[in-house]
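Peer 1: Pasting the sequence and the predicted model now:
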Amino acid sequence: MDEEHYLKRELYNLIQVDPAIFDFLQAGSLDGIFYWDVSKPEHEWLSPAFKSAFGYEDHEVPNTSAWWQENIFPEDLPVALDNFRKHCEDPDHPYDQTVRYRHRDGSTVWVRCRGLAIRDEEGNAIRLLGAHQNVTELMQVREELQLKNAQLEQYAYVASHDLRAPLRTIAGFVDVLALSLEERSLTEDEQQAMSEITGGVTRMNGLIAALLDYSRIGKNQKPPIPVPVADLVFAAKQALGSDLTESGVTVSESIPDEVTWLVDDVLMSAAIQNLIANSIKYRRPEVPLHISISAASSGDRGAELTVLDNGQGIDPTKLERATKMFQRLTVEGEGLGIGLANVKRSVEYSHGTLTIDSDGSTFTKVTIWIPSVER
């Protein structure tokens, strides 16, 4: 192991002998700290910066745990206390959450609160050292972005819905034109023109339907419920029906019964269905398609599902584009470039993450991770 840097050692020594160094660090880099006596939980020291973040002078707020528990949002208090309990029991469980407090002026203060348990020789937590970071501005920007996103979604829904009426009119006139031309022999160029017109109408209808489906994700979403991941996969396969049997695909599964997600079951079953359908659509004709579906739990943090196929793969340089709307990454097939975009959107509505890996020619691996606690 490399020798400890002399400046690090020097700084640690300064903190021990010069209180001004500690005061500068906590005032300049944090929005308050606290030090909690776990054995006497009513005793807690709250730094002046801690109190200032909520509009109070140091002398106006007592150094007790009762004060912050009375001023934190009631909905957020159980989250903080539960994480505190779990961190005390298990050092690997992080005490880290973003919570809301009431400011003196009535406004809301968003705080990222992190802590580290100080333990005795037996490993029992006896103190909790914590740090606050005011993230109110960040959360306000996030809320504004969510509002703008919702407005754009509504615009996309209305625009795509309103486009369907004129498209139906065009399709109707194309049908009338095709019937009137049945009695005469068309030249090769005329036949090509009619084929392109009808194909364009069909594709446009598909694009509008896809845009509507995309904008609907998350609308009227059901409250999340604990559901076995195996049940979601089963429902997805059932929905695919003959597509699975006719494609000749073999599917292997390794999904423990205890692995569950806290999700809208219909939404996430549709996402898994989309992944399997994508594998079928972009298989390699010369190789029998095999899809491997596995799941694993990461304890109380969440669970992940992985769908791995031996299909065409995705060019590694295009992986970031893969989840964007209408991004077709291959010239083969009849896809619209919406499958992975819909999956990502569904995963994000479930507060999860989506990762994709591929070598560009022989496999695609998609992993969905969903946290175990609703955020």
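Peer 2: Perfect, I can see it now. Numbering: from 1, shown residues only.
Peer 1: Past the helix ranked longest in the chain, which element shows up next along the chain?
Peer 2: With DSSP state H applied, the helix covering the greatest number of residues in the chain is identified as helix 136-181. Sequence-wise, the next helix or strand downstream of helix 136-181 (DSSP states H and E) is helix 188-216.
Peer 1: Mind giving me the packing neighbours of that next one?
Peer 2: The contact analysis (3 or more CB pairs under 8 Å, 6 or more residues apart in numbering; DSSP states H and E) places helix 188-216 against helix 136-181, helix 339-349. Using the backbone N, CA and C atoms, a C-beta is placed for each residue, glycine as well.
Peer 1: distance between the first one and the chain's centre?
Peer 2: Think helix 136-181. Computed by CA atoms, centre = their mean, to the nearest Å, the separation of helix 136-181 from the middle of its chain amounts to 24 Å.
Peer 1: on contacts alone, who are the packing partners of that helix?
Peer 2: Helix 136-181 sits against strand 108-119, helix 188-216, with contacts defined as 3+ CB pairs under 8 Å, 6+ apart.
Peer 1: Quick check: which of the ones you listed is buried the most?
Peer 2: Among the helices and strands packed on helix 136-181, ranked by average contacts under mean count of other CB atoms under 10 Å, first place goes to strand 108-119 (a mean of 19).
Peer 1: Tell me where the stretch 51-200 of the chain is predicted with low confidence.
Peer 2: Across the stretch 51-200 of the chain, the stretches falling below the confidence threshold (pLDDT under 70) are 153, 156-157, 159-160, 183.
Peer 1: which helices and strands does the helix or strand harbouring residue 8 pack with?
Peer 2: Assessed by DSSP H and E, residue 8 sits inside helix 6-17. Contact partners of helix 6-17 among helices and strands, from 3+ CB pairs under 8 Å, 6+ apart: helix 19-29.
Peer 1: How far off centre is the helix it packs on?
Peer 2: Counting by CA atoms, centre = their mean, helix 19-29 is centred 36 Å from the centre of its parent chain.
Peer 1: Same check on stretch 182-189?
Peer 2: Its chain's average C-alpha position is 53 Å from that of stretch 182-189, according to CA atoms, centre = their mean.
Peer 1: Now tell me what touches that stretch from outside.
Peer 2: Counting by CB atoms under 8 Å, 6 or more residues apart in numbering, stretch 182-189 makes contact with residue 194, all of which sit outside it.
Peer 1: repeat for stretch 165-172
Peer 2: Residues lying outside stretch 165-172 but in contact with it, judged by CB under 8 Å, 6+ apart, are 201, 204-205, 208.
Peer 1: Adding distance to residue 65 and pLDDT, write those out as JSON lines.
Peer 2: Formatted as JSON lines, the entries for the contacts of stretch 165-172 read as follows, by distance: CB to CB, whole Å; pLDDT from 0 to 100:
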{"residue": "201", "distance to residue 65": "67", "pLDDT": "82"}
{"residue": "204", "distance to residue 65": "62", "pLDDT": "78"}
{"residue": "205", "distance to residue 65": "61", "pLDDT": "76"}
{"residue": "208", "distance to residue 65": "57", "pLDDT": "75"}
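Peer 1: which one among these gets closest to residue 40?
Peer 2: residue 208 (64.7 Å; CB to CB).
Peer 1: Would you confirm that that closest one contacts residue 162?
Peer 2: No - the pair residue 208 and residue 162 does not pass the contact test of CB atoms under 8 Å, sitting 9.7 Å apart.
Peer 1: where does the stretch 201-350 of the chain have low pLDDT?
Peer 2: Of all residues in the stretch 201-350 of the chain, those with pLDDT under 70 make up the ranges 207, 210-211, 214-216, 218-221, 325-337.
Peer 1: now the strands for it?
Peer 2: Across the stretch 201-350 of the chain, reading from the start of the chain, the strands by DSSP state E, counting those that start in this stretch fall at 225-228, 250-254, 260-263, 290-297, 302-309.
Peer 1: How much space separates residue 101 from residue 129?
Peer 2: Applying CB to CB, to the nearest Å, one obtains 19 Å for the distance of residue 101 from residue 129.
Peer 1: Neighbour count for the two, which is higher?
Peer 2: Relative neighbour count places residue 101 above the other of residue 101 and residue 129, with 20 against 14, counting by other CB atoms under 10 Å.
Peer 1: burial count for the residue nearest to residue 217 when sequence neighbours are not counted?
Peer 2: Setting aside the residues directly before and after it, residue 217 is nearest to residue 345 in space (CB to CB, 6 or more residues apart in numbering), at 4.8 Å. Neighbouring residues of residue 345 were enumerated by other CB under 10 Å; the total is 23.
Peer 1: returning to what we had before: for the helices and strands packed on helix 188-216, give me a markdown table that also has distance to residue 234.
Peer 2: Converted to a markdown table, these look like this (distance: least, CB to CB, whole Å):
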| stretch | distance to residue 234 |
| --- | --- |
| helix 136-181 | 30 |
| helix 339-349 | 18 |
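Peer 1: Pick the most deeply packed of these.
Peer 2: Between the helices and strands packed on helix 188-216, the one whose residues have the most neighbours on average, counting mean count of other CB under 10 Å, is helix 339-349 (a mean of 22).
Peer 1: Against which helices or strands is that helix packed?
Peer 2: helix 188-216, helix 265-281, strand 353-358, strand 364-371.
Peer 1: for the second one, the distance to its chain's centre please.
Peer 2: Which is helix 265-281. How far helix 265-281 lies from its chain's middle: 16 Å, per CA atoms, centre = their mean.
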